[in-house]
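Participant: Coordinates for the following, if possible.
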Amino acid sequence: MADADLPVFSFRANWREPMAERLGFLTDVLAATEGAEQRRSVRQTPRRSFEADFLLTGSERTFWDLFINALGGGEVVAPLYWETVTLPATLTATVSNRVNFDTTRREWAYHEGYLALLIRDSALDYEVVEIASVDDGGVTFAAPPARSWTKGAKLLPLRRAVLDQVGDVQQPSAGVGLVTAELRVVGPNPWTPAADASPVYGGLPVFLSEPNWVEALTAQQSREVALLDTDVGLTYQVDATGRVLLGQAHRWFLPGKEKLAAFRDLIYRHRGRAGAFWLPTFKADFRLAEAVSSGATQIVVANVGYGYTGGPTSGREYIAIKHSGGTILRKVLSVVPGSTTATERLNLDGSLGLALAPGQDLRISFADTARFDTDEFEIMHYGGIEAHHDASALFRTFKNTRTSPTPIDFPTPRTA
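Facilitator: Alright, predicted model coming up:
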């Protein structure tokens, strides 16, 4: 039995506070002076750790003290607590070696050959079983359990891990302890993302997972500016990219296993900072001023100073039109004045494909090529797999161009 010789970290999590799961990819990013990037994913699967609270009472408090003292420095097998399954029926050696439950969009499919924990009311009263196979309808053990486990007992997948950090044990009384511990999974953490259903434009998918707006959407605008200063003459400033690079923060609510699995799909699909996509600003940057037909390649919008500021430039040359049936991405080729000073006309690189009218449920946002701005992701679990989860992430736009290298030549500033 795999990992059968390792101590079992059988302590039950205290869900008074949410549990933090952390996934860490690793990307080598090589950025050019003009803002283009070359990215390479370094790890085959992300590193993973999770932080949980434990309420220790009676004999479990003493067991924790003994366990940490004697076994806390080595490898253990620890449960993935958010994947807990409640036994739907009594499980005994004479009844069955299988537990039926829906394993789709969960991590059980990646646990064939691993161990699982059967437990009920105490960290000292458990049984370890080996998972022989997993299908959409449940898991089958290599052998039936040695003892009877009644309906309502818990089944949890076990993974090899180490105790990275153990916090101070708070002692409200002589027989009660409260402690927080962080466990790091040892070994690969595979997840096969589902096929991406996002529309594709210019070879890249369009990112359509909107933030929840429960908090203000923050956007950081930065420039790659080099300042030449000899301290005795005039200064000379060079804007290397000629545009703003946008940093954008999102947060998502993930109720239930489908939403949680979709977020795992997202970060595994792009492997942290390695992937790229079209990212709308998700803001109402333009307002449609006149109705347009499905074959139109020009739209009339309210004047926002687009033409005055130079029209379509790097970072502000693509628009995402969200409507009730989906999202359309188009490149703005040029902008010309409208029939009145209150409007502007945007010439697009293709027809819209559907008729639009002012007042419809639509939003026109700028869009730009972007990637995740971090390889580290944190998922907060507020209970089991069907409970509430949430996550956040940072994005960073980049200049999606490739130009042949040329010498960089800046004029030398001269004194007046």
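Participant: Which stretches in the stretch 301-416 of the chain count as helices?
Facilitator: Applying DSSP state H, counting those that start in this stretch to the stretch 301-416 of the chain gives no helices.
Participant: Same check on the chain?
Facilitator: All helices of the chain, identified by DSSP state H, fall at 59-71, 256-270.
Participant: CA atoms only for the last one, dumped as PDB, please.
Facilitator: Backbone C-alpha positions of helix 256-270 (Å, rounded to 0.1, in the frame of the first residue of the first chain) are rendered in PDB as follows:
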ATOM      1  CA  GLY A 256     -20.000  24.800  -5.200                       C
ATOM      2  CA  LYS A 257     -17.700  22.300  -6.900                       C
ATOM      3  CA  GLU A 258     -18.400  23.500 -10.500                       C
ATOM      4  CA  LYS A 259     -17.300  27.100  -9.800                       C
ATOM      5  CA  LEU A 260     -14.300  25.800  -7.800                       C
ATOM      6  CA  ALA A 261     -13.300  23.400 -10.600                       C
ATOM      7  CA  ALA A 262     -13.700  26.200 -13.200                       C
ATOM      8  CA  PHE A 263     -11.200  28.300 -11.300                       C
ATOM      9  CA  ARG A 264      -8.700  25.400 -11.100                       C
ATOM     10  CA  ASP A 265      -9.200  25.000 -14.900                       C
ATOM     11  CA  LEU A 266      -8.400  28.700 -15.400                       C
ATOM     12  CA  ILE A 267      -5.100  28.800 -13.400                       C
ATOM     13  CA  TYR A 268      -3.900  25.300 -14.600                       C
ATOM     14  CA  ARG A 269      -4.800  26.200 -18.200                       C
ATOM     15  CA  HIS A 270      -2.600  29.300 -18.200                       C
END
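Participant: Could I get the contacting residues of the closest residue to residue 201 other than its chain neighbours?
Facilitator: Computed as CB to CB, 6 or more residues apart in numbering, the closest residue to residue 201 that is not its neighbour in sequence is residue 329, at 4.2 Å. Quick note: C-beta positions are derived from backbone N, CA and C, even for glycine. With contact taken as CB atoms under 8 Å, 6 or more residues apart in numbering, residue 329 is in contact with 199, 201, 206, 278, 318-321, 367.
Participant: any low-confidence regions in the stretch 201-350 of the chain?
Facilitator: Applying pLDDT under 70 to the stretch 201-350 of the chain picks out residues 215-216, 240-241.
Participant: Show me where it has its strands.
Facilitator: Counting by DSSP state E, counting those that start in this stretch, the stretch 201-350 of the chain has strands at residues 204-205, 219-222, 225-228, 236-239, 245-255, 277-280, 298-302, 318-323, 326-337, 343-348.
Participant: ok, now which ones touch the closest residue to residue 288 other than its chain neighbours?
Facilitator: In space, and not counting its chain neighbours, residue 288 is closest to residue 358: 4.9 Å by CB to CB, 6+ apart. Applying CB under 8 Å, 6+ apart to residue 358 gives the contacts 287-291.
Participant: my guess is residue 47 contacts residue 162, does it?
Facilitator: No: with contact defined as CB atoms under 8 Å, residue 47 does not count as touching residue 162 (11.7 Å).
Participant: what do those two both touch?
Facilitator: Jointly contacting residue 47 and residue 162 under the rule CB under 8 Å, 6+ apart are residue 184.
Participant: returning to that earlier point: relative to residue 389, which of the contacts of residue 358 is nearest.
Facilitator: Nearest to residue 389 among the contacts of residue 358: residue 287, at 35.3 Å, using CB to CB.
Participant: From residue 171, how far out is that closest one?
Facilitator: Applying CB to CB, to the nearest Å, the value for residue 287 to residue 171 is 61 Å.
Participant: What of residue 141?
Facilitator: On the measure of CB to CB, residue 141 and residue 171 end up 39 Å apart.
Participant: Over to residue 66?
Facilitator: In terms of CB to CB, residue 66 sits 16 Å off from residue 171.
Participant: Mind listing residues that contact stretch 287-302?
Facilitator: Contacts of stretch 287-302 (CB under 8 Å, 6+ apart): 286, 338-339, 342-358, 360, 362, 364.
Participant: average pLDDT across stretch 390-407?
Facilitator: Predicted confidence along stretch 390-407 averages 76 (mean pLDDT).
Participant: about what we covered before: which one of residue 66 and residue 171 has more residues nearby?
Facilitator: Neighbour count, other CB atoms under 10 Å: between residue 66 and residue 171, residue 171 has more, with 13 against 10.
Participant: What is the burial count for the closest residue to the more buried one other than its chain neighbours?
Facilitator: Excluding the flanking residues, the one nearest residue 171 by CB to CB, 6+ apart is residue 177, at 5.8 Å. Using other CB under 10 Å, residue 177 has 19 other residues around it.
Participant: Equivalent analysis for residue 62, please.
Facilitator: By other CB under 10 Å, 13 other residues sit near residue 62.
Participant: Could you check how far it is from residue 303?
Facilitator: Residue 62 is 74 Å from residue 303, where distance means CB to CB.
Participant: again with residue 249
Facilitator: Residue 249 is 30 Å from residue 303, by CB to CB.
Participant: What's opposite the residue nearest to residue 201 in the beta bridge?
Facilitator: On the basis of DSSP bridges, residue 329 is bridged to residue 320.
Participant: Next, the contact list for the most centrally placed residue in the chain, please.
Facilitator: Most central in the chain under CA atoms, centre = their mean is residue 267, positioned 4.5 Å from the mean C-alpha point. Contact analysis of residue 267 by CB under 8 Å, 6+ apart lists 23, 25, 46, 372, 377, 393.
Participant: Any chance of a markdown table for these, columns distance to residue 273 and neighbour count?
Facilitator: Output for these, formatted as a markdown table (distance: CB to CB, whole Å; neighbours: other CB atoms under 10 Å):
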| residue | distance to residue 273 | neighbour count |
| --- | --- | --- |
| 23 | 13 | 23 |
| 25 | 7 | 23 |
| 46 | 12 | 23 |
| 372 | 5 | 24 |
| 377 | 11 | 23 |
| 393 | 11 | 21 |
